[in-house]
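Chemist: Okay, structure incoming, though there's no sequence with it:
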Ligand code: PRT
Ligand code: ZN
């Protein structure tokens, strides 16, 4: 049985549960306790605070964990990153009061910086030869400069609105982060193969994201024109329609290029265009 530690509640919880669900790992949240076993996959889910996830994976209390890379790097625990998951994106940045002129990293020499991420900050300052006074606070780091607790902060930034609301400006991005799947280094062979199956499923879900399955009817005399527009996975599927002189064309499109391609298809005589979401895709 493979055990995965996930955030019990907070910013990563929902997307983590959705990823498991889309990978067809059923977890009943109704009878939610600290440890819940999947009803259809050899996996049990351990619900923890994100701060405790790196250590539980490193110590083997859990085989796997889903945690923000920022938290994982900060905790300096020994585990392997096996997959970057693409959600919970944010950055760890240095910010200073917005009315102060920023003159480059040297500005931080001898300054007091408030943060909940002291080891990442210490490492960054050390690499850059800056001696700053790092002041650890947990929570509401952004208010530290206005109450005179620090000259600047080092914290998570996503949209940047928390900084703006606190009259701060971002001056250095130190680290980009996203949710990562981490694994214990001493997993049994049996658990490794369950992990491989889980990774295979996660990959299928990720590949399908941002892709659409598109069906359309095309007059046969314009088929080659339409097929030429389609950047399908391999080549599109073309099947004759009951109505003479027409074909049905099926393909997979990237969501990003979707509207551009659809308008070209319409201009090339495609009709009855149907667009469907794809749940999973194995390439
Ligand atoms: O209870 P537990 O300890 O499990 O949760 P937590 O409160 O420590 O963490 P939580 O749920 O807030 O965040 C979990 C993870 O989400 C973080 O470790 C990051 O990897 C990731 N993440 C992504 C973020 C954000 N975006 C984010 N915007 N974590 C926090 N924030 C906060 C940030 O601290 C700041 O106060 O949001 C504010 C900034 O947001 P903007 O949009 O105003 O810039
Ligand atoms: Zn936390």
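Modeler: Ah, there it is. Predicted, not measured: the structure shown is a model, and the values here were computed from it. Ligands and ions are numbered 1, 2, ... in the order given.
Chemist: and the residue nearest to residue 119 when sequence neighbours are not counted, how far is that from ligand 1?
Modeler: The shortest distance from residue 119 to any non-neighbouring residue, by CB to CB, 6 or more residues apart in numbering, is to residue 74 (5.5 Å). Heads up, the C-betas are built off the backbone N, CA and C, glycines and all. To ligand 1, residue 74 is 9 Å away according to CB to the nearest ligand atom, to the nearest Å.
Chemist: now swap in residue 204 and tell me
Modeler: Distance from residue 204 to ligand 1, by CB to the nearest ligand atom: 25 Å.
Chemist: Check residue 152 too.
Modeler: Per CB to the nearest ligand atom, residue 152 is found 15 Å from ligand 1.
Chemist: I figured that residue hits residue 98, correct?
Modeler: No - contact criterion CB atoms under 8 Å: residue 152 and residue 98 do not qualify, at 11.3 Å.
Chemist: When these two are compared, which one has more neighbours?
Modeler: Counting neighbours by other CB atoms under 10 Å for residue 152 and for residue 98 shows that residue 152 has the greater number, 24 against 14.
Chemist: Next, residue 247: phi, psi?
Modeler: As for residue 247, its main-chain torsions (degrees, to the nearest 10) stand at phi -130, psi 160.
Chemist: show me what contacts it?
Modeler: Going by CB atoms under 8 Å, 6 or more residues apart in numbering, residue 247 touches 217-218, 220, 223, 238-241.
Chemist: which residues in the stretch 1-150 of the chain form strands?
Modeler: 2-7, 35-37, 43-48, 64-68, 80-84, 90-97, 112-115, 133-136 (DSSP state E, counting those that start in this stretch).
Chemist: To ligand 1, which of these lies closest?
Modeler: strand 64-68 (2.1 Å; CB to the nearest ligand atom).
Chemist: Please name every helix or strand in contact with the closest one.
Modeler: strand 2-7, helix 53-59, strand 179-183 (3 or more CB pairs under 8 Å, 6 or more residues apart in numbering; DSSP states H and E).
Chemist: With ligand 1 in mind, check whether the longest one reaches it.
Modeler: To tie it back to what came earlier, the one meant is helix 53-59. No - judged by CB under 6 Å from any ligand atom, helix 53-59 stays clear of ligand 1, getting no closer than 8.3 Å.
Chemist: and residue 83, how many residues sit next to it?
Modeler: Neighbours of residue 83 under the rule other CB under 10 Å: 18.
Chemist: Cross-check the contact I'm expecting between it and residue 183.
Modeler: No - shown here, residue 83 and residue 183 do not form a contact pair, counting by CB under 8 Å, at 9.1 Å.
Chemist: So the residue in the stretch 151-283 of the chain positioned nearest to ligand 2, which state does it fall into?
Modeler: The nearest approach of the stretch 151-283 of the chain to ligand 2 comes at residue 156, 10.8 Å away (CB to the ion). Following DSSP: H, G, I helix; E, B strand; the rest coil, the label given to residue 156 is strand.
Chemist: Count the residues that sit near it.
Modeler: When neighbours are counted by other CB under 10 Å, residue 156 registers 20.
Chemist: Quick check: chain neighbours aside, which residue is closest to it?
Modeler: The shortest distance from residue 156 to any non-neighbouring residue, by CB to CB, 6+ apart, is to residue 90 (4.9 Å).
Chemist: Verify the stated contact: that neighbour with residue 69.
Modeler: No - assessed by CB under 8 Å, residue 90 is found out of contact with residue 69, at 9.4 Å.
Chemist: where do the contact lists of those two overlap?
Modeler: Here residue 90 and residue 69 share the contacting residues 177-178, scored by CB under 8 Å, 6+ apart.
Chemist: how near is the closest residue to residue 3 other than its chain neighbours to residue 48?
Modeler: Once flanking residues are discounted, residue 3 sits nearest to residue 62: 4.6 Å by CB to CB, 6+ apart. In this view, residue 62 and residue 48 are 8 Å apart by CB to CB, to the nearest Å.
Chemist: gap between the nearest residue to residue 41 once chain neighbours are set aside and residue 36?
Modeler: Closest residue in space to residue 41, ignoring its immediate chain neighbours: residue 25 at 4.4 Å, by CB to CB, 6+ apart. Residue 25 is 11 Å from residue 36, where distance means CB to CB.
Chemist: Lovely, talk soon.
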